[in-house]
Structures are given as structure tokens and as C-alpha cells.
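Student: dropping a prediction and its sequence here:
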Amino acid sequence: MKKKITKAIFPVAGLGTRFLPATKSIPKEIMTLVDRPLIQYAIDEARAAGIKEFIFVTSRGKSALEDYFDHSPELESTLRRKDKTDLLELLKSTNMDSGAIAYLRQNRPLGLGHAVWCARRLIANEPFAVILPDDVIAAETPCLQQMVEAHAETGGNMVAAMEVPADKASAYGILDVQKAAQNIGDLVSVKGMVEKPAAKEAPSNLAVIGRYILTPDIMSNLNKIKSGKGGEIQLTDAIAQEIENSNNVYGYRFKGQRYDCGSKSGFLQATVAFGLSRPDLCDEFGDFLNDLMSMRAAAQ
């Protein structure tokens, strides 16, 4: 019987240097997309997928992240006194029960693989998910929920994958997939992973993005891996080892739109898309964008 996925690791130790000076005083994960911080989108997606235990791998200067998920008695009391029940209800989604969330320190910036490895004692011998909050995915069924449902059939290790143009391959880890006969629907069987290949050397157009479901064997692999490029321990190396050991790695072509909120351009694109998707904002915001584009066209 396959074990349910109930634990998720959130690697949030990065300094967010691409968003300086804002990230000088606030963690990047607290930056707001419309009116919710990036980390809230990740938490909501994890909850929808059945995650019960949330493991944050942090670093110095991330105390605001911890405070965000704590209760705020003064704020709640003020809202209750003013009878703002709708806002009180909204706050509930930001509160985490005692014991549901754990914080671990990554004391040296040694890469994503090392960040995941830091949580090994809390994972023990269970499969687990990894969510990178920088990747925000708009989908009718949340991305991780799609993956959990597919994983119930396959087991093993699974990475979220999306098609990218050839000239963008060098920005991603690219999957080398088995021949089509071994692929079923949205699932592809993976025989290799190439990190940031040149366009001509990319084995496919399927790029790995920040959602993973992994077996505890990944932690054993990370334990043996020496630091690679840039002195970092790569998660992709540990996953590639499982292809050799067990041939149980799958790519899942999720349904939805991914936004790279680790870049300024991607963050702005997500802000526009999520703003237009909100019934309370779409009319006024849409009119503003139309006027803006008209003025831009007239000026050219």
C-alpha cells in the first residue's frame, strides 16, 4: 500500500537579492501578490493536496515569515470589536495550528539539495513533497493536488514539468524521457535530467519546475552527494541517482499557468494575471490596463 503524502518541505532560506532593496528588511516569501504573500499561495496549494505537516527550511532574517503564521491576538481583538467578521475569517487561513509547522535553519547557502537534506530527521521514512514558493501556479485543480493524485497510481519520485521553447532550455533542468510508448497521458517516464543545457543539447522540451514528490531514498542520496557546481548540493543529482537505482522517476505535465515570481518580470506578470482574475478588482484594474495600453500605443 502506497503511503499518503502528508509532509511538505518549503525551502525559504534564500536572500532574495533580485528584489533588493525590498528584501533588505522583509523575506521575499512575504512579498505580496495582490493581497496575499507568496508563501500563502504555497501553503494553500499544499493544504489542498492533503499536506498536514509543513517544514520550513529558513535562515537568519526570516522571523517575519514565522510571525506571519502565528496568531495575532491584538489584531483579532480589534477586528472582533469592530465586528469585521469577514476579515477575521480571512485571517484564519494564515494561522497554523501548534505542531503543524516546523522551522529548521540552513546555516550555510549550499543549494536546494542541502536545504531539503536539512529536513531529513523530520521526514524519517516517508514520501514527501517539496514546494518552491517562487513558482506560483494558477490552476483549476492546484498543481500539487494533481501530482498527489497521479502519484497514488505510480509511487516513486515525481517532478512537475512544463513545455518550454528551445531558446529557454538553458534556464531550466530538462527531462530526458523514455520513448512515447512508456508515457501515459500527463505522465512521462524519466531516464535522465540535464541541468541548463544549450538549446541544441536539450533532450526534450520538458522543464522541471518547483514541485516535487520524493521518496525517502532521496535523503540517502543527498547524504552521499558531494557539492557540485558553485559549491552547492543539487537536488537534481539526488533524483538522477534514483533513475539509476530504481528507475522510478516520473515527470508530470501539470495543467495550469506557472509564474516565476523569483524574477521581477514574472512577479509583475503574476500580479496582473491574479489581479484580473479577481471579481472585486477585474473591472477597475482591467480598465486601467486598457487605458495604459491605449496611451502607450498613441505615444508610439
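Tutor: That came through, no problem. From a predicted model like this one, the values you see are computed outputs, not experimental measurements. Numbers count the residues shown, from 1 in each chain.
Student: for the nearest residue in space to residue 218 that is not next to it in sequence, what are phi and psi?
Tutor: The spatially closest residue to residue 218, leaving aside those adjacent along the chain, is residue 238, at 5.0 Å (Cβ to Cβ, 6 or more residues apart in numbering). C-beta coordinates here come from the backbone N, C-alpha and C atoms, glycine included. Per-residue torsions, residue 238: phi -70, psi -40 (degrees, to the nearest 10).
Student: count of neighbours near residue 203?
Tutor: A count of nearby residues for residue 203, using other Cβ atoms under 10 Å, gives 15.
Student: repeat for residue 209
Tutor: Residue 209 has 20 neighbours, counted by other Cβ under 10 Å.
Student: for it, which residues are in contact?
Tutor: Listed by Cβ atoms under 8 Å, 6 or more residues apart in numbering, the contact partners of residue 209 are 132, 135, 160-162, 172, 258.
Student: by neighbours, which of those residues wins?
Tutor: Within the contacts of residue 209, most neighbours by other Cβ under 10 Å means residue 161, with 27 neighbours.
Student: and the next helix or strand past the helix or strand hosting that residue?
Tutor: In the assignment (DSSP states H and E), residue 161 maps to strand 157-163. Where DSSP H and E defines the elements, the next helix or strand beyond strand 157-163 is strand 173-177.
Student: packing partners of that following strand?
Tutor: Under the contact criterion of 3 or more Cβ pairs under 8 Å, 6 or more residues apart in numbering; DSSP states H and E, strand 173-177 touches strand 187-195, strand 206-214.
Student: find the nearest non-adjacent residue to the residue most central in space within the chain, please.
Tutor: Closest residue to the average C-alpha location of the chain: residue 132 at 2.7 Å, with Cα atoms, centre = their mean. Residue nearest to residue 132 in three dimensions, not counting chain neighbours: residue 210, with 2.9 Å by Cβ to Cβ, 6+ apart.
Student: what about that neighbour, neighbour count?
Tutor: 21.
Student: how about residue 141?
Tutor: With neighbours defined by other Cβ under 10 Å, the count for residue 141 comes to 13.
Student: quick one: the helices in the protein?
Tutor: Along the chain, the stretches classed as helices by DSSP state H are 38-48, 63-68, 73-81, 85-92, 112-117, 120-123, 143-154, 217-224, 235-246, 264-276, 282-299.
Student: buried residues in stretch 208-226?
Tutor: 208-215, 217-219, 221-222, 225 (16 or more other Cβ atoms under 10 Å).
Student: likewise for stretch 270-282?
Tutor: The neighbour-count check on stretch 270-282 (16+ other Cβ under 10 Å) flags 270-271, 274-275 as buried.
Student: now do stretch 118-127
Tutor: 118-120, 123, 127.
Student: in the helix-or-strand element of the chain with minimal mean pLDDT, which residues are buried?
Tutor: Ranking every helix and strand in the chain by mean pLDDT, DSSP states H and E puts helix 63-68 at the bottom, with a mean of 81. If you call a residue buried by 16+ other Cβ under 10 Å, then helix 63-68 has these buried ones: 65, 68.
Student: that one packs against which elements?
Tutor: Using 3+ Cβ pairs under 8 Å, 6+ apart, helix 63-68 sits against strand 53-58.
Student: any residues touching the strand it packs on, and which ones?
Tutor: Identification of contacts with strand 53-58 by Cβ under 8 Å, 6+ apart yields 6-13, 43, 46, 65-66, 96, 100-106, 115-116, 118-119, 122-123.
Student: what is the nearest of the contacts of residue 209 to residue 244?
Tutor: residue 161 (19.6 Å; Cβ to Cβ).
Student: for the protein, give me the ranges with low pLDDT.
Tutor: 1-2, 98, 179-185, 227-230 (pLDDT under 70).
Student: tell me the contacts of residue 128?
Tutor: 5, 7-9, 119, 213-214, 216.
Student: I meant residue 131, not that one.
Tutor: Contacts of residue 131 (Cβ under 8 Å, 6+ apart): 8-10, 42, 45-46, 144, 210-211.
Student: related to what we said a few turns ago, weed out the non-buried ones from the contacts of strand 53-58.
Tutor: Buried members of the contacts of strand 53-58, scored by 16+ other Cβ under 10 Å, are 7-13, 43, 46, 65, 101, 103-104, 106, 115-116, 118-119, 123.
Student: excluding its backbone neighbours, what's nearest residue 95?
Tutor: Using Cβ to Cβ, 6+ apart and skipping the chain neighbours, the partner closest in space to residue 95 is residue 71 (5.5 Å).
Student: phi first, then psi, for the one you found.
Tutor: Phi and psi for residue 71, reported as degrees, to the nearest 10, are phi -70, psi 150.
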